Every structure is written in C-alpha cells, then in structure tokens.
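Trainee: no sequence on this one, just coordinates:
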C-alpha cells in the first residue's frame, strides 16, 4: 500500500493522507497529545479537518508522572485547550518509574508500553477509533540512526511506518522546524519538556550531537523518501517469504530442506515469521544451519524458543505440551488465540469459491448447526477425506507433526462435528458447490504490534 504523506501542513494534505491510508469516511480519530509542539500541531490540524470532513475527534493524554508538577502542568494545559474547543479529552496516568524498577526495563521503554496500552484500550472503548500520533521527519531520522548504531537490517532502515494497524502518523514527512513555524504562524501554543535538553538517553545524544552535523552537510536532510522506498522492498520480500510458508509450513514448523534452499533474504524472513520477529541475525543464521544439517535430528536453543530438526521438519519445541482453551468464532470479527499465536476469522459468503488450502476453508453454510468453535483435538476426532474417514491423530502422525505440538493445532467444529483442522484440511462433506452460500474460515499467524519512536 502506497501512503501519501502531506507535503505541507494543510487540512487537504491531512485528508489525502487519510484516504491513501484507507481510513473510512466518518471513522473516529483519537489525537494522542503530550502538549509538545508536534502533538499540538497535529491536534489543531485534526480539529480543522474534523470540522471540514465531519469525523468524530477525541484527544488522549497520558501523564507519566516523571516530572512532578511539570507533568501535571502538561495535563492541565492539554485539558484547558481541549475544553475551550469542545474536544472530548481522555486522560490516564501511571507510575512509570516504579514499573521500570519492578520490571528492570528502561524508563523510555516502560513509558511507551504504558502509554500505548492506554491508547489502544481507549481505541477499543471508542469502537475501534484510529490513533493519530505526531511523529515527524526528525523522529524518523533519529530512529534510523539509533538502529544503525545498534545494528539493523532492511526492516530497521525502513524507519517509522506511517500506518501500523490503527496507528496513523500523518506528520511523518514534515520536519520539526516546519511544525514549529506553523504553530507560531497559527498561534498554537505548546509546552516544552525540559528533559529534551538533557543528554540522558541515546536519542537525545543523537539529536544534539549527530543530527546537527548531518544537517550542516545537508540542511534539507529528510530520510522519509528513503525509508518509504526501503519499506516497499521489505514488504515485497516479506510477501515472498509468506508465500513460501503457505506452501511449506506445518503447524509450528516448516520443511527444513525447502527452507535451507531458499535465498537468504527470504529464508531469514521465513524464520522470523515462524519463530520470532525479534530474533537477532546470529540466531537466524543458527536456525538456517540447523535446517541445512544432514543429521536426522538436532536441537537449537534460542531466546524464547527451542528448535528441533525432526522428520525433515524444523519445528519450535515448546517447554511442555502447549494447548489452548476452546473459543467460539463469531462471524466477521477476528478471534486471536494468543498462546498459539494464531488469528481466526469467519466470514459469510453468498456465492462460494473453493480454496485449495490447509489454512483457509470454505464451509457449506447448512453444515454449521451449532455455531463455530476452535478447540484442541479430542479422542475420536476424524476428518472425512476422499476415500474414507481418518482420525486426526493418525493424520498428525502421518504429517510427522511432533507430539508436543499436536494439542496446539486448532480443530474447527460445529457442535460435535469436525469441519476442518488447521494444517490438515477439511472434511469433504462440508465442501459447498461453487456459488452456494458458505462460511470462509481463515487461520493465520498473529504478531503483536511493534511501536517505535520517542514521544507521541
């Protein structure tokens, strides 16, 4: 998807960004406001755009309680501004410093996690509202430089995405100096965060010591075009890796020889999609070495996962048998089963198309008598295949699925009737004729959102 970032700070540019990002007309938007110049600029632009386009606008402020009276002053400033303009404001606060001590994580990371947890909860409360944050071109540059300093690949060089799920970043292509000038010209006040002047974190040190040198070399420095191009390259390679996995993956693993034969850019992405998006390059290389090993079996211990090469498959070995609680599957509302990292969606289809897939099933509508449920396998479960019925247990053994992974495979049922099994197929007597009413069930990998950048 190509996102059209505003070239200037105008309502027209903002609305074009919304359109290119696929935001439906009239969808509610929450402005995430710290009180700083970037977020106040965004709030005022959104206020003007909401009056012109008619979408509901809300504001959200999170008080991190890190700067005493200054933090409370930020909240009061945002509240007064919103009250004067009749913008509904939602606020929350948390003991960020205490939570950071308790978990042993950094202040910035903890603040971001607590802030975004509030924002996403508010989005759900308001019926799935979009979240708009004020990341700008300078934030994008600083993020890329931080990742270069820490070591990164193509994905990291892609910087901050302008759209990520319900998160929108419409100012991403605008330099901070232009945002500051716009606020001066339009009489939009803001609060200064005194900690931005300190060199107490890596981002501030880059901002004060490295970025000025780069801007001496190129006063118009803006990495937004570069990051947009690199994100497109990354998306293309990721789609190729996902296409490979559709053909060669089994629940919890993948054909080892096929994985080892892939070009490295695709193989590395396939490994991360299956076994952990945050695996370091050294861990990915070790996984691919295990996949290519001539030994019939072997194990590899990586952060958060143990891999085993077995039956020609490279699979994730859980610390013990993994299972999950049975869950009802509503229509047109995704269900996420977190501990097995899968998302299940069921959608009505008036005229069926038949899919030849082990992760997407077209079920004849009149075979669904008692709703839809995803549950682990049970004794006696069978799939009716061409040539006769076969137990789900035998199918798992035939597919060489490791025993510890078998209870993590969703079985889709209606009442006591088995309709389909993830990675194994569906009962032939549930297949509709082409053009017949049906329900399409899609099961896919699910990953948490990854948030980047400092501030709002």
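Mentor: Noted; the coordinates are in hand. Small disclaimer: the values here were computed from a predicted structure and weren't measured.
Trainee: and the contacts of the longest helix belonging to the chain?
Mentor: Ranked by residue count, the top helix of the chain under DSSP state H comes out as helix 224-248. Residues from elsewhere that reach helix 224-248, judged by Cβ atoms under 8 Å, 6 or more residues apart in numbering: 2-3, 5, 137, 140, 144, 154-155, 157-162, 172-173, 254-255, 258-259, 262, 265-267, 269-270, 273-274, 357, 359. (Each C-beta comes from the backbone N, C-alpha and C, glycine too.)
Trainee: among these, name the buried ones.
Mentor: 3, 5, 137, 140, 144, 155, 157-162, 172-173, 254-255, 258-259, 262, 265-267, 269-270, 273-274, 359 (16 or more other Cβ atoms under 10 Å).
Trainee: list the contacts of the lowest-mean-pLDDT helix or strand in the chain.
Mentor: Lowest mean confidence among the helices and strands of the chain (mean pLDDT, DSSP states H and E): strand 249-250, at a mean of 84. Contacts to strand 249-250, defined as Cβ under 8 Å, 6+ apart, come from residues 255, 274, 313, 315, 399, 401, 423.
Trainee: so what are the sheet partners of the helix or strand following it and their directions?
Mentor: The C-terminal neighbour of strand 249-250 among helices and strands, as given by DSSP states H and E, is strand 253-255. Here strand 253-255 is paired, per DSSP bridges, with strand 249-250 (antiparallel), strand 313-317 (antiparallel).
Trainee: I'd like these as a markdown table, with distance to residue 340 and mean neighbour count appended.
Mentor: Converted to a markdown table, those look like this (distance: least, Cβ to Cβ, whole Å; neighbours: other Cβ atoms under 10 Å):
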| stretch | distance to residue 340 | mean neighbour count |
| --- | --- | --- |
| strand 249-250 | 14 | 22 |
| strand 313-317 | 11 | 24 |
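Trainee: pipe those strands into JSON lines and attach distance to residue 408 per row.
Mentor: Formatted as JSON lines, these follow (distance: least, Cβ to Cβ, whole Å):
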{"stretch": "strand 249-250", "distance to residue 408": "12"}
{"stretch": "strand 313-317", "distance to residue 408": "10"}
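Trainee: nearest to residue 196, of those strands?
Mentor: Residue 196 lies closest, by Cβ to Cβ, to one member of those: strand 313-317, at 42.2 Å.
Trainee: now the angle from the closest one to helix 224-248?
Mentor: Relative orientation of strand 313-317 versus helix 224-248 (axes from the mean of the first three to the mean of the last three Cα atoms, to 10 degrees): 110 degrees.
Trainee: chain center to strand 313-317, what's the gap?
Mentor: 24 Å (Cα atoms, centre = their mean, to the nearest Å).
Trainee: just stretch 83-100 next, same as before
Mentor: Distance, centroid of stretch 83-100 to centroid of chain: 24 Å (Cα atoms, centre = their mean).
Trainee: what bits of the chain have low per-residue confidence?
Mentor: 1, 318-321, 355-356, 447-456 (pLDDT under 70).
Trainee: and it, what are its domains?
Mentor: Domains of the chain are assigned by automatic domain parsing as 11-222, 241-317, 327-445.
Trainee: take the buried ones among the contacts of helix 224-248 and keep only those in strands.
Mentor: Per DSSP state E, strands hold the following members of these: 254-255.
Trainee: please report how far residue 279 lies from residue 259.
Mentor: Using Cβ to Cβ, to the nearest Å, one gets 14 Å for the distance from residue 279 to residue 259.
Trainee: for residue 325, that is, sorry about that
Mentor: For residue 325 relative to residue 259 (Cβ to Cβ), the value is 31 Å.
Trainee: can I assume residue 47 is in contact with residue 85?
Mentor: Yes: if you go by Cβ atoms under 8 Å, residue 47 and residue 85 touch, sitting 6.1 Å apart.
Trainee: neighbour count for the two, which is higher?
Mentor: residue 47 (18 against 12; other Cβ atoms under 10 Å).
Trainee: flag every buried residue along whichever strand or helix holds that one.
Mentor: For residue 47, the host element (DSSP H and E) is helix 37-53. By neighbour count on 16+ other Cβ under 10 Å, the buried set for helix 37-53 is 37-47, 49-50, 53.
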